[in-house]
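J.: Need coordinates for the following:
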Amino acid sequence: MGVDGGGNTVPGAAVPFGFVSESPDTTFSDTSGYSSRGQLLGFSETHESGTGGQGKYGNFRVTPTVGDMELGNLIFPKSDEKAAPGFYSVVIGGPGRRIQAELTSTRLVGFQRYTFLDGVEGNILFDVSARTRRLSTNPKYGSPQDATECEVRFEDATHLSGKASFVGGWNPAPYTLYFYAELDAQPRSYGTYTEHGSQLGNKFAVGAHQTEDYRHVLGAYFSFDTSKTRTVQMKVAVSFISVARAKENMRSEAARWSFAEIQDKAQAAWEKVLGKIVVEGGTEVQRRIFYTSLFRMHYMPHDLTGENVWWSSIEPHYEDFYCLWDTFRTVNPMLLLIEPDRQAGMVQSLLDTYVHTGWLPDCRIAGANGLTQGGSNGDIVVADAVMKGLKGIDANLAFAAIEKNADVNTDDSLKEGRELSEYIRLGYMPLELTRSGSRTMDYAYNDFVAAEVAQATGHHADAQRFLKRSASWKNLWNDESKCIRPRYQDGRWMENFDCMSERVGDGTLQHWDYPFYEGIPLQYSTYVPHDIHGLIAKVGGDTAFVAWLDNLFNKRLYNPGNEPDMLAPYEYIDAGRPDKTADRVRYILSTDYKEGRSGLPGNDDSGTLSAWFLFSAMGFYPNAGQPFYYIGSPVFSRSTLDLGEGKHFMIEASNVSEANRYVQSAKLDGKPLNRAWLKHSEIMAAGKLELIMGPDPSAWGTMERPPTGFDSLLR
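T.: As a prediction, this is how the structure comes out:
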């Protein structure tokens with residue numbers, strides 16, 4: 001689900017948050033390295049899932065072939081694909097040249113099994129340089145990833161080791177990755193190869209990037225007499241630290257030659273994750289999409305604890321937060337509920353990154369902070385943990401990290417922190433700076449969560465200072481346009497402005513230069529999570545606000561595949577219309593999420609879209625960074641969340657159906673509940689929310705509005 005149609009999910013084998021992701025690489029691929037319509041290039045050890053922008057990783061591609069050992073056009077047809085959590089298989093090649101490939105993995109080790117179905121000569125090529133494995137290239141995000149230097153060494157005929165250094169791709173900072181590979185069958189011949197051809201029996205080779213137009217190719221090959229050796233297994237361990245550490249990773253995670261054992265362990269790890277939520281009722285299709293979505297949101301960031309080559313620390317270490325601008329909205333709040341220890345580890349890792357790099361990142365990959373799309377949205381992930389009382393978090397350190405983002409101007413706002421000088425001076429980001437509209441909205445909410453954490457840690461004067469700044473979104477509100485409208489430094493409004501357009505100049509979409517990043521002004525105007533009551537007042541009251549939101553949806557301007565307006569369907573509740581939320585959410589769930597390879601409405605963005613489906617299908621949704629949730633319209637008759645420590649929270653929806661989408665009445669732990677929102681503490685008390693559903697809107701939830709964080713922090 002989502003491998004095609006821009007979803008960019010990875011079809012291959014991984015364990016939850018494992019760094020190794022054994023997956024096929026194809027022609028016509030996007031950031032995941034895969035396209036259903038593409039032909040097969042081979043299988044690399046590392047991937048990202050669901051991301052947009054620019055590709056990254058795709059390291060150490062392995063390609064099996066039949067016939068004479070050739071290094072030319074390594075492109076093959078594929079057929080009979082099968083996939084399950086922790087497993088992938090495919091048949092490579094056409095008639096007379098078929099190979100069955102099966103893949104599974106651990107956190108840091110890929111396990112491959114190749115069965116040569118035809119022919120008498122079989123080969124395995126190990127591409128160290130990844131010269132022909134360049135993931136999708138988008139000029140807006142820089143140059144593609146390339147190897148700058150690489151090395152390969154045969155320790156003997158069945159053991160291979162080496163390293164490769166890379167630069168480019170998403171967040172182009174350099175990184176080096178080491179590997180150790182082992183085969184279970186003795187090859188008839190082996191050697192290294194370069195762009196000039198193979199070197200039979202050569203046991204060591206190095207290569208280096210030479211010019212922009214000429215890049216060194218380096219790899220190793222093994223050849224087998226397949227009349228004697230039909231099946232060859234190969235394990236590849238990786239490490240950011242050294243070859244020795246890669247060897248240790250193999251010894252600790254995959255010492256035995258048992259594909260079935262590794263596969264069983266991977267599937268058990270996924271079963272544990274998928275068992276965190278049990279849903280009943282709904283349709284079979286809805287349940288399949290639900291559990292696929294739960295699966296998808298457990299790919300990134302990657303757990304690299306023990307692999308931190310960048311600094312010495314005893315804290316958990318995660319890389320590849322790509323990006324928190326996406327995941328803070330849905331993925332991290334879901335993990336906080338069903339996997340609190342995992343979420344605590346991620347937050348600890350973010351704070352540890354602040355300690356050692358000086359900044360709390362918004363995006364981070366392969367050991368480097370950046371690229372920052374909006375504000376300092378790592379602040380929201382950390383604040384969410386503090387405000388919800390997640391165990392194991394140092395709240396004072398959290399405040400220090402968030403305070404720096406709020407008070408210290410960064411030298412490079414695309415890498416870390418915020419560009420604050422003009423924002424603080426003017427009360428908004430001026431049009432003379434890029435992404436001025438969207439960054440003003442992001443910065444305003446960043447300031448609010450800074451105020452929350454300041455208040456929670458006893459820094460009351462700072463809390464009031466940041467709270468005042470969090471109203472900066474109002475400085476761009478234009479009463480005539482009824483939306484956020486950018487302004488110049490001198491206060492003039494942007495000319496020729498269209499609240500409903502994302503096109504400027506020559507008609508192209510300008511991600512980095514346009515005043516609104518990946519969205520239109522009207523979409524971003526809905527993004528005031530801390531002051532929706534203030535937004536309602538600006539629009540003109542409840543009735544006007546409902547009509548304003550209706551305009552967004554009725555004109556099909558709401559974008560279910562992008563982040564800026566993800567909260568918008570639930571904001572009807574703030575205006576006393578939970579029935580409208582039910583209508584919008586049910587439509588999105590049934591129309592924009594499908595089974596199949598193009599089943600997602602856009603980039604999954606590290607599980608962000610998947611987690612939106614999870615929350616909405618169960619019938620509640622977080623206002624991320626604040627300790628409350630909206631109550632929506634569940635599609636399941638019962639959803640049970642495992643909160644850990646033997647605690648569970650249940651949502652039970654009586655009479656629910658496609659027609660019976662409106663809540664008629666509710667009880668929380670047996671007591672009447674007349675509001676369409678829940679406190680986080682109420683969920684963590686491990687109780688039951690009972691919803692009586694019906695075919696018509698009711699008065700339920702129309703009177704007591706959700707809290708507005710802005711008002712709650714006012715003196």
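J.: low pLDDT regions in this protein?
T.: Applying pLDDT under 70 to the chain picks out residues 131-142, 208-215, 502-511, 714-715.
J.: so who does the residue nearest the centre of it touch?
T.: For the chain, the residue lying nearest the average C-alpha position, counting by CA atoms, centre = their mean, turns out to be residue 606 (1.5 Å). Residue 606 is in contact with 48-51, 297, 299-301, 321-323, 326-327, 331, counting by CB atoms under 8 Å, 6 or more residues apart in numbering. Placement of C-beta: from N, CA and C, glycine included.
J.: Give me the phi and psi angles of the closest residue in space to residue 14 that isn't next to it in sequence.
T.: Spatially, and ignoring its direct neighbours in sequence, residue 14 is nearest to residue 21 (4.1 Å; CB to CB, 6 or more residues apart in numbering). Note on residue 21: its backbone torsions stand at phi -140, psi 90 [degrees, to the nearest 10].
J.: now the helices for the stretch 101-250 of the chain?
T.: 243-253 (DSSP state H, counting those that start in this stretch).
J.: Strands along that one, start to end?
T.: 109-116, 121-127, 146-156, 159-167, 175-183, 189-194, 197-200, 204-208, 218-225, 231-239 (DSSP state E, counting those that start in this stretch).
J.: Output the fourth one as CSV, restricted to C-alpha atoms.
T.: In CSV, the C-alpha atoms belonging to strand 159-167 read as follows (Å, rounded to 0.1, in the frame of the first residue of the first chain):
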residue,chain,number,x,y,z
HIS,A,159,33.6,-13.0,3.5
LEU,A,160,33.6,-9.5,2.2
SER,A,161,34.1,-6.2,4.1
GLY,A,162,34.6,-2.5,3.2
LYS,A,163,33.1,1.0,3.4
ALA,A,164,31.8,3.8,1.3
SER,A,165,31.6,7.5,1.9
PHE,A,166,28.7,9.5,0.4
VAL,A,167,27.7,13.1,-0.1
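J.: can you give me the angle that strand makes with helix 243-253?
T.: 120 degrees (axes from the mean of the first three to the mean of the last three CA atoms, to 10 degrees).
J.: now swap in the last one and tell me
T.: An angle of 120 degrees separates the directions of strand 231-239 and helix 243-253 when computed by the same axes, to 10 degrees.
J.: so what secondary structure elements neighbour strand 231-239?
T.: When contacts are defined as 3 or more CB pairs under 8 Å, 6 or more residues apart in numbering; DSSP states H and E, strand 231-239 packs onto strand 40-46, strand 109-116, strand 121-127, strand 175-183, helix 243-253.
J.: Mind putting those into a markdown table with distance to residue 55 and mean neighbour count?
T.: Shown next, in a markdown table, are those (distance: least, CB to CB, whole Å; neighbours: other CB atoms under 10 Å):
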| stretch | distance to residue 55 | mean neighbour count |
| --- | --- | --- |
| strand 40-46 | 11 | 25 |
| strand 109-116 | 19 | 25 |
| strand 121-127 | 16 | 25 |
| strand 175-183 | 14 | 23 |
| helix 243-253 | 23 | 19 |
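J.: how about these in JSON lines, adding distance to residue 92?
T.: Output for these, formatted as JSON lines (distance: least, CB to CB, whole Å):
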{"stretch": "strand 40-46", "distance to residue 92": "6"}
{"stretch": "strand 109-116", "distance to residue 92": "9"}
{"stretch": "strand 121-127", "distance to residue 92": "11"}
{"stretch": "strand 175-183", "distance to residue 92": "18"}
{"stretch": "helix 243-253", "distance to residue 92": "25"}
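J.: and residue 489, which of those is closest to it?
T.: strand 175-183 (39.0 Å; CB to CB).
J.: Can you get me a residue count around the closest residue to residue 339 other than its chain neighbours?
T.: Closest residue to residue 339 apart from its sequence neighbours, by CB to CB, 6+ apart: residue 276 at 6.7 Å. By other CB atoms under 10 Å, the residues close to residue 276 number 18.
J.: Residue 276 contacts residue 648, correct?
T.: No: using CB atoms under 8 Å, residue 276 is not in contact with residue 648; the gap is 10.1 Å.
J.: shared neighbours, those two?
T.: In terms of CB under 8 Å, 6+ apart, residue 276 and residue 648 are both contacted by the residues 641-642.
J.: Show me how the protein divides into domains.
T.: 20-271, 275-304+548-715 (automatic domain parsing).
J.: Need these in a markdown table (columns: distance to residue 446).
T.: Formatted as a markdown table, the domains of the chain follow (distance: least, CB to CB, whole Å):
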| stretch | distance to residue 446 |
| --- | --- |
| domain 20-271 | 21 |
| domain 275-304+548-715 | 9 |
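J.: Residue 337 is nearest to which of these?
T.: domain 275-304+548-715 (6.0 Å).
J.: Centre of the chain to that closest one, how far?
T.: Mean-position distance between domain 275-304+548-715 and its chain equals 19 Å (CA atoms, centre = their mean, to the nearest Å).
J.: And for stretch 158-177?
T.: 22 Å.
J.: thinking again about what came up before, list the contacts of the residue nearest to residue 14.
T.: Counting by CB under 8 Å, 6+ apart, residue 21 has contacts 10, 12-14, 45-47, 49, 105, 299.
J.: how about 10 Å then?
T.: Applying CB atoms under 10 Å, 6 or more residues apart in numbering, we find residue 21 in contact with 10-15, 32-33, 44-49, 57, 88, 103, 105, 110, 299-300, 302.
J.: any idea how far residue 107 is from it?
T.: According to CB to CB, to the nearest Å, residue 21 stands 10 Å off from residue 107.
J.: isn't the residue nearest to residue 339 right up against residue 338?
T.: Yes: between residue 276 and residue 338 there is a contact under CB atoms under 10 Å: 4.1 Å.
J.: Need the residues touching each of the two.
T.: Common neighbours of residue 276 and residue 338 (CB under 10 Å, 6+ apart) are 294, 641-644.
J.: of all those, which comes closest to residue 441?
T.: Of the shared contacts of residue 276 and residue 338, the one sitting nearest to residue 441 (CB to CB) turns out to be residue 294, at 30.0 Å.
J.: Assumed the closest one was part of a strand.
T.: No: counting by DSSP: H, G, I helix; E, B strand; the rest coil, residue 294 is not part of a strand but helix.
J.: Hmm, it is touching residue 274, no?
T.: Yes: if you go by CB under 10 Å, residue 294 and residue 274 touch, sitting 5.7 Å apart.
J.: Tell me which residues touch residue 549, please.
T.: 522, 526, 536, 539, 558, 565, 568-569, 571-572, 574-575, 577, 580-581, 584.
J.: ok, now residue 88?
T.: Contacts of residue 88 by CB under 10 Å, 6+ apart are 10-14, 21-24, 43, 81-82, 101-105.
J.: how does it look with 6 Å?
T.: By CB atoms under 6 Å, 6 or more residues apart in numbering, the contact set of residue 88 is 12-13, 103.
J.: can I get these in a markdown table with neighbour count?
T.: Shown next, in a markdown table, are the contacts of residue 88 (neighbours: other CB atoms under 10 Å):
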| residue | neighbour count |
| --- | --- |
| 12 | 28 |
| 13 | 29 |
| 103 | 27 |
